[in-house]
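Chemist: pasting the sequence and the predicted model now:
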Amino acid sequence: MALPSPHELLRRLPPVNDVLAARAPAEVAYASHEEWVEETRLALAEVRAKVLSGEIGPVGFERAVAPASVLAAARKRIARRRDPGLVRVVNATGVVLHTNLGRAPMPPAALEALAEHGAGYQLLAADRETGERAPRERHLEALLRRLTGAEAVTVVNNNAAATMIVLAAMAAGKEVVVSRGQLVEIGGAYRIPDVMAMSGARLREVGTTNRTHLRDYEKAIGPETALLLRVHTSNYRVVGFQGEVPLEDLVALGRAHGVAVADDLGSGALVSLSGQGLPLDEPLVRTSLGAGADLVTASGDKLIGGPQMGLVLGRADAVARVRAHPLYRAVRCDKLTLVAMEATLRLFLHPERLAQTHPTYAALTAKPEALRARAEALAPRVRAVAPRWRVEVVPCADAVGAGSLPTVELAGFALRVEAPGVEGGLLARKLRAASPPVFSTVEDGAVHLHVRTVLADEDERLLRAVQAVAAS
């Protein structure tokens with residue numbers, strides 16, 4: 001007897017109403033009729049696609065179109081639609097500042113401040129003594145002036161906005177001189193020339209991709225020059241026959257010609273990491289200000305480890321021009337971001353405690369021997385919840401991430417896990433689909449769980465996800 005063809009099977013797909021008629025009272029009450037209709041229709045469409053692709057045949061088809069099976073698939077779809085989308089995940093990739101996973105994990109102090117001060121009203125733009133209106137970022141300004149030596153500070157919603165508003169305030173309709181080697185593109189197709197155009201400033205390129213000299217800047221300065229801009233190449237390095245002008249020399253040139261100098265640092269570190277075992281440092285905000293830059297821009301959610309924010313620091317008159325620009329109100333920060341960042345910045349007043357109080361700093365400065373010990377302690381716990389999996393501790397290369405220190409590898413340790421009969425890429429997908437989602441790396445057909453970026457309180461979360469995937 002010939003087996004039915006795919007098209008014959010498709011003719012046997014039950015009508016949506018017939019499936020819905022099989023619902024128990026509890027299922028009817030679980031969701032609205034409209035939700036049930038929509039998700040049942042989609043569940044049947046999924047069966048149709050599997051039949052046409054050859055994924056299921058006659059036997060599998062009969063099971064898949066049974067009312068109980070279709071209703072179970074529809075209910076699962078309804079539940080998934082109700083789940084929050086922006087959920088906490090376990091980052092086991094070894095990338096400390098993982099842009100796709102929210103970059104820096106929020107310090108506990110910032111979360112405590114949000115819980116304490118986020119509800120109700122806040123002392124945002126009112127002076128507590130006079131009751132009059134006051135700048136909303138004044139609390140951050142006081143902290144950042146203390147931490148960096150800046151004359152004045154303001155903040156916006158990210159570093160791209162900080163760069164754009166500096167260009168708009170200082171050079172709209174005028175020329176900005178930039179080295180060709182610094183015309184960067186970062187993630188999301190963010191390009192310095194495009195930002196320049198949007199700001200209303202005109203780009204004047206100087207030098208070559210690999211070498212720019214002070215004389216190149218000097219030749220470019222003319223009546224239309226409003227700003228000399230240095231851009232830190234956060235996400236790449238030019239090595240070999242290369243050279244760029246030190247910021248101090250660029251500042252001296254700007255002073256001689258009466259032209260302001262801005263330094264776009266990107267990551268913008270407040271403390272040095274080289275003393276903690278890292279071979280290189282990202283430029284410090286204090287160093288750029290000390291070199292005489294009129295304005296410095298930096299991110300708040302990278303090496304500073306706070307919420308997304310762009311910092312604008314520098315001379316009081318230059319910062320005042322930024323604050324006075326019409327674009328400023330459009331890119332300012334909301335109250336909760338300011339609360340979280342204030343708590344984050346206060347941690348830097350005690351740099352000797354950062355390894356205990358600041359998750360990003362702790363992850364970046366973790367020593368290999370401590371990571372090995374953590375991995376060896378975690379391995380038997382993973383074996384206990386996934387007894388059929390092969391688990392071993394292996395050395396690995398971690399990364400800073402978010403365009404910071406792109407040439408630096410951090411020596412770390414990971415759990416190399418294999419599930420019998422499950423390809424590594426599929427196992428990684430299953431872990432991402434778990435609750436909580438676990439993001440890992442895949443190498444040589446096996447999943448690697450890098451312990452550097454698994455936060456101190458996340459072991460139980462990781463084990464819960466592993467156990468669920470192993471059971472399935």
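Modeler: Cool, got the structure.

Chemist: list the contacts for the residue lying closest to residue 47 once chain neighbours are set aside?
Modeler: Spatial nearest neighbour of residue 47, excluding adjacent residues (CB to CB, 6 or more residues apart in numbering): residue 64 at 4.9 Å. Bear in mind the C-beta positions are built from the backbone N, C-alpha and C, glycine included. Counting by CB atoms under 8 Å, 6 or more residues apart in numbering, residue 64 makes contact with 47, 50, 56, 70.

Chemist: which residues does the last one contact?
Modeler: With contact set as CB under 8 Å, 6+ apart, residue 70 has these partners: 14, 19, 40, 43, 44, 47, 64.

Chemist: if we go to 10 Å?
Modeler: 13-14, 16, 18-20, 22, 39-40, 43-44, 46-47, 64 (CB atoms under 10 Å, 6 or more residues apart in numbering).

Chemist: nearest to residue 156, of these?
Modeler: For the contacts of residue 70, the residue nearest residue 156 by CB to CB is residue 39; the value is 41.9 Å.

Chemist: my read: the closest one touches residue 33, true?
Modeler: No: if you go by CB atoms under 10 Å, residue 39 and residue 33 don't touch, sitting 11.2 Å apart.

Chemist: quickly list the domain ranges of the protein.
Modeler: The chain breaks down by automatic domain parsing into domains covering 6-82, 90-99+362-471, 108-352.

Chemist: shaky segments in the stretch 301-450 of the chain?
Modeler: For the stretch 301-450 of the chain, applying pLDDT under 70 flags the ranges 403, 405, 407.

Chemist: all strands of the stretch 251-400 of the chain, in order?
Modeler: In the stretch 251-400 of the chain, the strands defined using DSSP state E, counting those that start in this stretch lie at 260-266, 295-299, 310-314, 390-401.

Chemist: other SSEs contacting the third one?
Modeler: Contact partners of strand 310-314 among helices and strands, from 3 or more CB pairs under 10 Å, 6 or more residues apart in numbering; DSSP states H and E: helix 138-148, strand 152-156, helix 159-171, strand 260-266, helix 285-290, strand 295-299, helix 316-324.

Chemist: just put the ones you listed in JSON lines and tack on distance to residue 217 and mean neighbour count.
Modeler: Output for the helices and strands packed on strand 310-314, formatted as JSON lines (distance: least, CB to CB, whole Å; neighbours: other CB atoms under 10 Å):
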{"stretch": "helix 138-148", "distance to residue 217": "25", "mean neighbour count": "19"}
{"stretch": "strand 152-156", "distance to residue 217": "26", "mean neighbour count": "23"}
{"stretch": "helix 159-171", "distance to residue 217": "15", "mean neighbour count": "26"}
{"stretch": "strand 260-266", "distance to residue 217": "10", "mean neighbour count": "26"}
{"stretch": "helix 285-290", "distance to residue 217": "17", "mean neighbour count": "21"}
{"stretch": "strand 295-299", "distance to residue 217": "17", "mean neighbour count": "30"}
{"stretch": "helix 316-324", "distance to residue 217": "19", "mean neighbour count": "16"}
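
Chemist: next SSE downstream of the longest helix seen in the chain?
Modeler: Secondary structure of the chain per DSSP state H: the longest helix is helix 33-53. Where DSSP states H and E defines the elements, the next helix or strand beyond helix 33-53 is helix 58-64.

Chemist: residue 398 contacts residue 365, correct?
Modeler: No: assessed by CB under 10 Å, residue 398 is found out of contact with residue 365, at 11.9 Å.

Chemist: which one, of the strands of the stretch 251-400 of the chain, ends up nearest to residue 216?
Modeler: strand 260-266 (15.0 Å).

Chemist: can you spell out which helices and strands pack onto that closest one?
Modeler: helix 159-171, strand 175-179, strand 225-231, helix 247-257, helix 285-290, strand 295-299, strand 310-314, helix 316-324.

Chemist: wait, which of those is closest to residue 345?
Modeler: strand 310-314 (10.0 Å).

Chemist: what about the closest one, distance to the chain center?
Modeler: Centroid separation between strand 310-314 and its chain, computed with CA atoms, centre = their mean, to the nearest Å, is 20 Å.

Chemist: circling back to that earlier point, of residue 39 and residue 33, who's got more company?
Modeler: Taking other CB atoms under 10 Å, residue 39 and residue 33 do not tie; residue 39 has more neighbours (22 against 9).

Chemist: retrieve the pLDDT associated with that one.
Modeler: Residue 39 is assigned a pLDDT of 94 by the prediction.

Chemist: go on, the one 3 residues further on?
Modeler: The predicted local distance difference test score for residue 42 is 95.

Chemist: next: residue 237.
Modeler: pLDDT, residue 237: 64.

Chemist: quick one: the residue nearest to residue 144 when sequence neighbours are not counted from residue 315, how far?
Modeler: Counting by CB to CB, 6+ apart, residue 144 lies nearest to residue 153, which is 4.3 Å off, once chain neighbours are set aside. Applying CB to CB, to the nearest Å, the value for residue 153 to residue 315 is 11 Å.

Chemist: cool, residue 388 as well?
Modeler: Using CB to CB, we find residue 388 at a distance of 64 Å from residue 315.

Chemist: then residue 72?
Modeler: For residue 72 relative to residue 315 (CB to CB), the value is 65 Å.

Chemist: those two: who's more crowded?
Modeler: Using other CB under 10 Å, the more surrounded residue of residue 72 and residue 315 is residue 315, with 17 against 13.

Chemist: for residue 286, see how far away the more buried one is.
Modeler: On the measure of CB to CB, residue 315 and residue 286 end up 15 Å apart.

Chemist: cool, and residue 312?
Modeler: Applying CB to CB to residue 312 and residue 286 gives a distance of 15 Å.

Chemist: related to what we said a few turns ago, CA atoms of the longest helix of the chain as CSV?
Modeler: Output in CSV follows, covering the C-alpha atoms of helix 33-53 (Å, rounded to 0.1, in the frame of the first residue of the first chain):
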residue,chain,number,x,y,z
HIS,A,33,-10.3,33.2,22.0
GLU,A,34,-8.4,35.5,19.6
GLU,A,35,-5.0,34.3,21.1
TRP,A,36,-6.0,30.7,20.7
VAL,A,37,-7.2,31.1,17.1
GLU,A,38,-4.0,32.9,16.1
GLU,A,39,-1.5,30.6,17.8
THR,A,40,-3.4,27.4,16.7
ARG,A,41,-3.3,28.7,13.2
LEU,A,42,0.5,29.2,13.5
ALA,A,43,1.0,25.8,15.1
LEU,A,44,-0.8,24.1,12.2
ALA,A,45,1.3,26.2,9.7
GLU,A,46,4.4,24.9,11.4
VAL,A,47,3.2,21.3,10.8
ARG,A,48,2.5,22.2,7.2
ALA,A,49,6.0,23.5,6.8
LYS,A,50,7.5,20.3,8.3
VAL,A,51,5.5,18.1,6.0
LEU,A,52,6.6,20.1,2.9
SER,A,53,10.3,20.0,4.0
